[in-house]
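Enquirer: Next one to model:
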Amino acid sequence: MASGAGRACVVGIGQTELSRNSGRGITRLALEALFAAADDAGITPSMIDGFVPYPDSVTAEDVIPVLGSADVRFTAVSHMGGASSLAGLRLATLAVESGQADYVAVFVARNGSSATRIDQRVRRLTGQAYRRELEYPHGMNTPAQWYALACRRHMHEFGTTREALGTIALIMRENAQRNPGAQMYGRKLTMDDYLSAPVIADPYLKYDCCLETDGAAAVIVAREDRLADSRVPGVRIEGIAEGHPDSADDIAGRWDIFNTGLTKAAPRAFGQAGLTPADVDLAYIYDCFTFEVIQQLEEAGFCGRGEGGDFVLDGNIAAGGSLPVNTHGGLLSEGHLTGMNHLVECVRQLRHQAPDGRQAADARVAALTGWGDMGDGALALLAKA
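Expert: From the prediction side, this is the model:
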């Protein structure tokens, strides 16, 4: 990473409401989030001269004319599924630190509930020839079915329990009760509710699976020396890396099913930042499914492989625990904006501006993970500037 005034910071954040039906198109949603992020940063939208949109969604060209950006110098797209948000943040970091742009917006907009639901989106994933010929004919059609393989293997090898998965679901739901913007706000969940829910893909039950969501979120990245333009505290990007599993297009045929892109990305990001997992005050884990919280906690180094279930059951990831996770409710209970809502909440926490009684005490360093496609991964470490 760059040093001194050349360091990249998140200087603006914006997010729409999260819902089952936004009632408007994704370009409008994207623009709402982008205008909000520019306002938060204290800049005019036309000052944004770099864009990193989420793949298969609103493009840079869709928003440039409306924002009034006169001289866009940098655009890029990272194709890593749900890890694309953090991989996009990495591209923005590289762009501003190298002087390719001054203000880079990373954004996602989707009507993931009212329009393109998961059964449509999976047809865009990598390895379609393999899936069409060897998986789809046998009814193995969705991420819940693919990722359930790793969960069941973990249960077999390490004794991970359904109660550990349920504890994650309950903690995310409890966190959402302190977030009026969460889709599951006002809808509490008990362990009995969790255990009696219908099976989606064994061992996953209904509440092991993330939400379908309409909405948008954006962040603006700039060098630290531009914080004088901002009306809010900056959040510095201390380290950020992406990684890809050895069989990037397949899970079932992987020699080590637990070895993902995050396994490779995490040590690189911690090395860049000069930090260790013990230095992290809170974490935002890509909780597409409950087990993926356990797997990513392990592969990021917050506990040993096979220890994630006990780490969760011991209360470590709850509010007030040693590593609070997804203080806003996460993909499981706030909403699914491909992890961009994790980044927005993380910045709020590090600014000490989280509302509604969910501010984590003394939050100075946070980790965020990304998970996408067949196990692509990313990890970012952010700190109060």
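Enquirer: Show me which positions of stretch 315-334 end up buried.
Expert: Using 16 or more other CB atoms under 10 Å as the test for burial, stretch 315-334 gives 316-319, 323-334. Just so you know, the C-beta spots here come from the backbone N, C-alpha and C atoms, and that holds for glycine as well.
Enquirer: how long is that stretch from one end to the other?
Expert: The separation between the terminal residues of stretch 315-334, taken as CA to CA, to the nearest Å, is 20 Å.
Enquirer: tell me how far it is from the chain's mean position?
Expert: Counting by CA atoms, centre = their mean, to the nearest Å, stretch 315-334 is centred 13 Å from the centre of its parent chain.
Enquirer: In helices, which of the buried residues of stretch 315-334 fall?
Expert: G330, L331, L332, S333 (DSSP state H).
Enquirer: So the residue lying closest to Y286 once chain neighbours are set aside, which state does it fall into?
Expert: Once flanking residues are discounted, Y286 sits nearest to W371: 4.1 Å by CB to CB, 6 or more residues apart in numbering. The three-state label given to W371 by DSSP: H, G, I helix; E, B strand; the rest coil is strand.
Enquirer: just to revisit the earlier point, which of the ones in helices among the buried residues of stretch 315-334 sit farthest apart?
Expert: Distances among those were taken as CB to CB; the most separated pair is L331 and S333, at 8.0 Å.
Enquirer: Give me the common contacts of those two.
Expert: Residues touching both L331 and S333 (CB atoms under 8 Å, 6 or more residues apart in numbering) are L211.
Enquirer: Please enumerate the helices of this structure.
Expert: Counting by DSSP H, the helices of the chain are 26-41, 60-67, 84-97, 118-121, 128-134, 143-158, 162-176, 191-195, 261-273, 290-299, 308-313, 330-333, 340-351.
Enquirer: Nearest to A385, out of the ones you listed?
Expert: Nearest to A385, of the helices of the chain and by CB to CB, is helix 340-351 at 8.6 Å.
Enquirer: Extract the CA atoms of the closest one and return them as PDB.
Expert: Taking Å, rounded to 0.1, in the frame of the first residue of the first chain, the C-alpha atoms of helix 340-351 are listed here in PDB:
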ATOM      1  CA  MET A 340     -21.500  -3.200  -0.200                       C
ATOM      2  CA  ASN A 341     -23.900  -2.700   2.700                       C
ATOM      3  CA  HIS A 342     -21.200  -4.300   4.900                       C
ATOM      4  CA  LEU A 343     -18.700  -1.700   3.700                       C
ATOM      5  CA  VAL A 344     -21.100   1.200   4.300                       C
ATOM      6  CA  GLU A 345     -21.800  -0.100   7.900                       C
ATOM      7  CA  CYS A 346     -18.100  -0.700   8.500                       C
ATOM      8  CA  VAL A 347     -17.300   2.900   7.600                       C
ATOM      9  CA  ARG A 348     -20.100   4.200   9.900                       C
ATOM     10  CA  GLN A 349     -18.700   2.100  12.800                       C
ATOM     11  CA  LEU A 350     -15.100   3.300  12.300                       C
ATOM     12  CA  ARG A 351     -16.300   6.900  12.100                       C
END
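Enquirer: H79: what's it in contact with?
Expert: By CB under 8 Å, 6+ apart, H79 lies in contact with P55.
Enquirer: confidence score at it?
Expert: Per-residue pLDDT puts H79 at 92.
Enquirer: Ok, the one 10 residues further on next?
Expert: Residue-level confidence at L89 comes out at 98, pLDDT.
Enquirer: can you pull the buried residues of stretch 209-228?
Expert: Within stretch 209-228, the residues scored as buried using 16+ other CB under 10 Å are 209-224, 226-227.
Enquirer: One more: stretch 296-313?
Expert: So, applying 16+ other CB under 10 Å, buried residues of stretch 296-313: 296-303, 305, 307-313.
Enquirer: Could you do stretch 161-178 as well?
Expert: Quick answer for stretch 161-178 (16+ other CB under 10 Å): 162, 164-178.
Enquirer: between the residues you listed, which is nearest S85?
Expert: Using CB to CB, the buried residues of stretch 161-178 come closest to S85 at M172, 18.2 Å.
Enquirer: out of the buried residues of stretch 315-334, which one sits closest to L381?
Expert: L323 (13.5 Å).
Enquirer: who touches that closest one in this structure?
Expert: Here L323 is in contact with V280, D281, L282, A283, L297, F302, N316, I317 (criterion: CB under 8 Å, 6+ apart).
Enquirer: Pick out the most distant pair among these.
Expert: For these, the maximum inter-member distance is 14.8 Å, found between D281 and L297 (CB to CB).
Enquirer: quick one: which of the helices of the chain has the weakest pLDDT on average?
Expert: helix 118-121 (a mean of 58).
Enquirer: Can you tell me, leaving aside adjacent residues, what's nearest to the spatially most central residue of the chain?
Expert: With distances taken as CA atoms, centre = their mean, the residue of the chain nearest its centroid is G339 (2.2 Å). Nearest residue to G339 in three dimensions, chain neighbours excluded: S85, at 4.3 Å (CB to CB, 6+ apart).
Enquirer: Do I have it right that that neighbour meets Y54?
Expert: Yes. Using CB atoms under 8 Å, S85 is in contact with Y54, at 6.7 Å.
Enquirer: Relative to M80, how far out is the residue nearest to Y286?
Expert: According to CB to CB, to the nearest Å, W371 and M80 sit 9 Å apart.
Enquirer: Between those two, which is the more surrounded one?
Expert: W371 (30 against 25; other CB atoms under 10 Å).
Enquirer: which residues does the more buried one bridge with?
Expert: G377 (DSSP bridges).
Enquirer: Name all residues that make contact with it.
Expert: Contacts of W371 were listed using CB under 8 Å, 6+ apart, and they are G81, G82, A83, T260, L262, Y286, C288, E292, Q296, G377.
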